[in-house]
Structures are given as C-alpha cells and as structure tokens.
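Asks: Here you go, sequence then predicted model.
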Amino acid sequence: MPSRSFLIAAFLVILGTAYAAYWHIMAGRLEQGIERWAEEQRGHGLQAGWNDIVIDGFPLRLRARFAAPRLIQREGSLPWSWQADSLTLEAQPWRLTRIGFTGDGPQTARLAGQQIAFDRLEGTVQLDGRGRIREAEATASRLALAPDAGTGMGAGMGGATADRMRLAMRLPEEPPRRHTDPGLFVEADIGGLVVASRQPLPVEGPASLSIRASAMGALPQPPNRQTLSAWRDDGGTLEIQRLTLDWAPLDLRASGTLALDEALQPIGALTTEISGHGPLLQKLVTMGWVRQQDARIAGIAFGLLEKPGAEGRPVLKAPVTVQDGYLYIGPARLAPLPRIAWN
C-alpha cells in the first residue's frame, strides 16, 4: 500500500501539472483574445497595433508585453491617439477580471490639438462578468502639454507641465434609467502644475487641482452636438461633489451642479469657500482682465461675504455661477469664459 507521503507527492504532481496546463491554455486564450479585441475595435474606428507581443509570467501571473503599442482613433468628434515604447498588462490567473497595466519609457498622447508627453503610466482596470470595463484608474508622471504641431491647432496656446496626474472612473452596476441616476463617477488629481503662458497670468505655479464628480443620466456617446443636446434635454447634469484648486494666491473649495444651456455652453451654480481673492482681484485689474468699475462692485460684495479664516486670512463664502458666458462671484461679474465649439 502506498505511503501517505507518496500519495501527497503524487497529488501535488497532478495538481501542478493540471495548473500548468490551465496556465498555458489561458495564455493562449489571452493572446487570441487580444487579437480578437483589436480586430473588433477596427470596426469602431479605433486602430490598435504593436510591433510584437510576448506572453509570460508563469506560474503566478498572466502577463502580456507589447513592444511599441499604439492606439489611433481618427473617427468621431474628438480624434485622439496614444503611443509608447512598451506596455505590460498583468493579471492573476485566478482573477482575470482585474488587470494591471504599466507603460514605461516615453509616451505621447494627442487630443484636441494638444500633445501630452509623459514618462510613465500605470493603473488598473476592473471588468464585469461580461468583460466590460466597470472601473479604471491611471496615473501618469512627469507630463508636458504643448500644442500639437502636426495639427496646426492651439497656435495661440502655451504649454504646461505637471509632476503627476491621476484619473479614475467608475460605472454604476446598473445603467441609469432616470436623469437623477448617476451614469459615471469621475476623479482627477493634478499636482505640480506649471502653466507656460505667452502673457502674464494673475496666478503663480506650481498649482494643484482635484475634482470628484458624477455625470447624471445616460452618458452621451459619442459626445457631439446631437448626443449632448439629447443628454441636456433629458435632464443630464454634472454634479461636483468636491473641487479644490490651490494656485497662489488663490485657494478654492467648491461643490455644486453644472449643465448645458441651449447653445451647449456651461451653466450652473457652485457653493464656494475662497481665500486669496483680494490679491487675485487686484492682479486682474492691473492686467486689464477686469474693469476697475467691476472690481469696485466685486470688492464691496466680497467685503459683505467675507469671514475670518485660518491664519488670519479672510475667507469668502459665496455662490459662484456660470451664466451667459461669464463667471460670477455673488452678484459681481468677474470674467468672461471661453466658448466651447462642439462638432
């Protein structure tokens, strides 16, 4: 009769052989699935390509390594592209719905006439039972934004750099049925932001920006004049749970609701706490961005709404509204807003 140790060893050998077979089967399916996904995307106008792909990671990982990966979306109202030296996708063989990704080396993305270069990209994607993206998070480091010379767009715009940018999104478990149901949760954080402008600015970097928001109602897909109009008419809004901006001398905390008017321009109202507004207003007047008459009215309004804050700095607790192409703080019209040109 075989000994207990022999039976245990035999069981472990069988188990290891079965797992190795399972891993190699899943590795083959992974490569086939990637090729099939790329072919399906071409039908949606997205070109996905790479120079080479290697599947490895045995025994504890399923890993796909891409050489010179690239994504190009030429169709639609907002063409974009991305390319990198390398990209690695990684998952545990027993948890294939959670995928980590890492892009090393120089990378370039182009969007809306702008080119964004960065050194590293890493994050995770969470899939549902049908293979659809349910959650995603990505962090890029050492970013540089500049007008894309290849498009001729953005000629009047300067560039910008940032130490770090994090983007995250989450879809609800069930699609929204009403305009009061969230269709998308988004988060964005930018740190070490420095803007290079051809003209002097009333603020000084580095700056930091953070936002947490929910798009309510069924999302406009793709975002163009027709789908955005339908989303607006159905009651779609952007609910901002938290918005923070630290850009000397300004320190802003806000929350509220934004929507689109008949011309598809932003309108809305925010509840804010602002410090540094006095020095900022004086800079705007000195630079000619705000008329002296408007500044006097704003100064009177600010004085009525100010309260003592930390470190002796006055804090302005006031409603901020976006209406008719202008930004208002309380009753004071502060500055015009750039018009958005939708396709």
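Replies: Right, received. Where do you want to start?
Asks: need the contact list for residue 69.
Replies: 48, 49, 50, 83, 84, 86, 87, 103 (CB atoms under 8 Å, 6 or more residues apart in numbering). All C-beta spots, glycine's among them, are computed from the backbone N, C-alpha and C.
Asks: Which one of these is nearest to residue 31?
Replies: For the contacts of residue 69, the minimum distance to residue 31 (CB to CB) is 11.8 Å, reached by residue 50.
Asks: residue contacts, that closest one?
Replies: 66, 67, 68, 69, 70, 87.
Asks: repeat for residue 56
Replies: Residue 56 makes contact with 63, 65, according to CB under 8 Å, 6+ apart.
Asks: And it, how close does it get to residue 64?
Replies: Plainly put, residue 56 is 9 Å away from residue 64 if you go by CB to CB, to the nearest Å.
Asks: And residue 235, by the same measure?
Replies: From residue 235 to residue 64 the distance is 42 Å (CB to CB).
Asks: before we move on, what about residue 168?
Replies: Between residue 168 and residue 64 the computed distance is 23 Å (CB to CB).
Asks: Between the two, tell me which one has more neighbours.
Replies: residue 64 (22 against 17; other CB atoms under 10 Å).
Asks: which strand residues sit across from the more buried one in the sheet?
Replies: With DSSP bridges applied, residue 64 shows beta-bridge pairing to residue 55, residue 89.
Asks: so it touches residue 55, yeah?
Replies: Yes. Judged on CB atoms under 8 Å, residue 64 makes contact with residue 55 at a distance of 5.6 Å.
Asks: which neighbours do the two share?
Replies: 30, 31.
Asks: Which parts of this protein are helices?
Replies: All helices of the chain, identified by DSSP state H, fall at 4-42, 225-233, 277-286, 292-305.
Asks: Would you check how far apart residue 24 and residue 93 are?
Replies: From residue 24 to residue 93 the distance is 10 Å (CB to CB).
Asks: Compare these two (neighbour count), which wins?
Replies: residue 93 (18 against 12).
Asks: for the stretch 51-200 of the chain, which spans come out with low pLDDT?
Replies: The model of the stretch 51-200 of the chain has pLDDT under 70 over residues 76-77, 148-158.
Asks: Let's see that with 90 instead.
Replies: Within the stretch 51-200 of the chain, the stretches with pLDDT under 90 are 59-60, 73-80, 93-97, 104-105, 111-114, 119, 127-133, 145-159, 172-183, 195-200.
Asks: all strands for it, in order.
Replies: With strands called from DSSP state E, counting those that start in this stretch, the stretch 51-200 of the chain shows them at 52-56, 62-67, 70-73, 80-84, 86-92, 95-111, 114-127, 133-147, 160-170, 182-195.
Asks: Run the angle between the first one and helix 4-42 for me.
Replies: On the basis of axes from the mean of the first three to the mean of the last three CA atoms, to 10 degrees, strand 52-56 is oriented at 160 degrees to helix 4-42.
Asks: Then the longest one?
Replies: Compare the direction of strand 95-111 with that of helix 4-42 by the same axes, to 10 degrees and you get 30 degrees.
Asks: What are the contacting residues of strand 95-111?
Replies: 26, 62, 69, 78-92, 115-129, 138, 140, 148, 150-151.
Asks: Do you know the pLDDT at the nearest residue to residue 252 once chain neighbours are set aside?
Replies: Counting by CB to CB, 6 or more residues apart in numbering, residue 245 is the residue found nearest to residue 252 once chain neighbours are left out, at 4.4 Å. Note for residue 245: predicted pLDDT of 93.
Asks: Quick check: residue 245 touching residue 205?
Replies: No. Taking CB under 8 Å as the definition, residue 245 is not a contact partner of residue 205, at 11.8 Å.
Asks: Now do the same contact list for residue 335.
Replies: Neighbours of residue 335 in contact, by CB under 8 Å, 6+ apart: 284, 289, 290, 326, 327.
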